[in-house]
Structures are given as structure tokens and as C-alpha cells.
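Visitor: Dropping the sequence and predicted coords here.
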Amino acid sequence: PPERAIADGQAALARRDYPAAEGAARKLLTVRGTPRATDAQLLLGEALAGKRDYAGAALAYNDAYTRGRTGPRAPEALLGLAGAFTSLNNKREACETLDDLRSNFPNLRGALAERSAESRRRAGCR
């Protein structure tokens with residue numbers, strides 16, 4: 001079931017077993033119409049970023065955002081996308097993505113707000 005695949009992928013991420021996390025995400029993404037597609041895309045982005053495949057991670061995070069622009073995980077997708085851009089040394093794109101995050105989700109709190117601020121510092125955004 002999708003919940004088990006996500007849990008297995010998250011456990012693999014925690015162990016830094018990025019190939020296993022990627023495999024769990026890709027397996028779930030082959031299931032048409034799965035309600036956990038956004039979660040699988042985010043998992044894929046995290047796994048690819050862990051493998052230092054930042055271009056692939058950027059695509060996965062962008063797909064996650066596209067699938068759920070107004071969903072609860074959209075800010076995470078934008079943060080992941082900005083991080084991938086920063087790792088690719090595309091600071092302008094990272095800052096534009098973080099600006100989009102700020103304008104689309106102005107009330108971020110807690111860990112997401114902290115991650116956003118840290119991402120802005122890493123990318124050198126104004």
C-alpha cells in the first residue's frame with residue numbers, strides 16, 4: 001500500500017540509503033492515481049538530493065509542487081526546489097523560488113519558516 005511505501009522510503013532516508021528511498025518513491029509513482037503522489041515526489045526529491053543529483057531533485061520537487069500547488073506539502077516542495085537550485089549554484093532561481101514561497105505562503109511557522117530563512121541565507125537572497 002502507498003502508506004507502507006512512503007514509510008519504507010522515509011526509513012531508508014533516515015539510514016541515508018538514498019537508492020532504496022529513490023526506489024520506494026519511483027515504485028509508488030508507477031501507481032496511477034495514487035493519493036500519495038505528492039508525497040512520493042517529495043521523497044524522490046529528497047533521495048535524489050541525498051545522492052547529489054540536484055538536477056533530478058529539482059525536477060522531482062517541481063513535480064511535487066505542480067501536483068499540489070495549494071496542498072499542505074507545497075511549501076516543502078518549494079523549499080526543496082530552492083535547495084536544489086542553490087546546490088546547482090543557480091542562486092537567482094533559488095531566490096525567485098523562495099520569493100514565490102514567501103508570497104504564496106506568507107504565514108509559514110515553525111520549522112518551515114526556519115528552513116525558509118536558512119535557505120534564503122544559503123542562497124544569498126536579499
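Guide: Arrived safely, thanks for sending.
Visitor: what's the spacing between A111 and Y18?
Guide: Going from A111 to Y18 by Cβ to Cβ, to the nearest Å gives 22 Å. Placement of C-beta: from N, CA and C, glycine included.
Visitor: between the two, who's got more neighbours?
Guide: Y18 (18 against 9; other Cβ atoms under 10 Å).
Visitor: where do the strands sit along the chain?
Guide: In order along the chain, the chain carries no strands (DSSP state E).
Visitor: Flag the shaky bits of it, pLDDT-wise.
Guide: For the chain, no stretch is flagged by pLDDT under 70.
Visitor: how near is the nearest residue to D63 once chain neighbours are set aside to S103?
Guide: Nearest residue to D63, sequence neighbours excluded (Cβ to Cβ, 6 or more residues apart in numbering): Q41, at 4.8 Å. Counting by Cβ to Cβ, the separation of Q41 from S103 is 22 Å.
Visitor: go on, L79?
Guide: For L79, the distance to S103 - Cβ to Cβ - is 14 Å.
Visitor: and if you look at G50?
Guide: In terms of Cβ to Cβ, G50 sits 29 Å off from S103.
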